[in-house]
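K.L.:
no sequence on hand, only this structure:
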């Protein structure tokens, strides 16, 4: 079981992973669609337009979509993405995709961030 992260400072800091670059977490935005398509394709996941739209167009009161970025080859690259339905009381991450070639421990960090957001939403 992954322990939820405190959502208070979640998006305001850099996280050091057991192996790989430091990552920053932030909410997904529409301009991320090409980078998310690339991440999904690198992981062998069909990156259809509907799936991408669902990752970059969402109601933040009902769903959280968090991207992990890292400095790769002189640019800030998306190395992971996760999503969770905030409306469900027993919510678990519904999407969790990371580039494991570049990161170690990122899946756990993203899952904890998503669960922290869901817990904070239930308390509020």
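P.N.:
Great, that's in hand. If you're wondering where the values come from, they're calculated on a predicted model, not measured in any experiment.
K.L.:
when you work out contacts or count neighbours from here on, use the C-alpha atoms and nothing else.
P.N.:
Fine.
K.L.:
which parts of the chain are strands?
P.N.:
Assigned by DSSP state E, the chain shows strands spanning 14-15, 23-27, 63-72, 75-85, 95-98.
K.L.:
how about those in a markdown table, adding mean pLDDT?
P.N.:
Formatted as a markdown table, those follow (pLDDT from 0 to 100):
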| stretch | mean pLDDT |
| --- | --- |
| strand 14-15 | 90 |
| strand 23-27 | 94 |
| strand 63-72 | 94 |
| strand 75-85 | 95 |
| strand 95-98 | 95 |
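K.L.:
can I get these in TSV with distance to residue 54?
P.N.:
Output for the strands of the chain, formatted as TSV (distance: least, C-alpha to C-alpha, whole Å):
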stretch	distance to residue 54
strand 14-15	26
strand 23-27	13
strand 63-72	9
strand 75-85	10
strand 95-98	11
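K.L.:
so which of those gets nearest residue 37?
P.N.:
Among the strands of the chain, strand 75-85 comes nearest to residue 37, with 10.2 Å by C-alpha to C-alpha.
K.L.:
quick check: buried residues in stretch 77-87?
P.N.:
Using 16 or more other C-alpha atoms under 10 Å as the burial criterion, the residues of stretch 77-87 that qualify are 77, 78, 79, 80, 81, 82, 83, 84, 85, 86.
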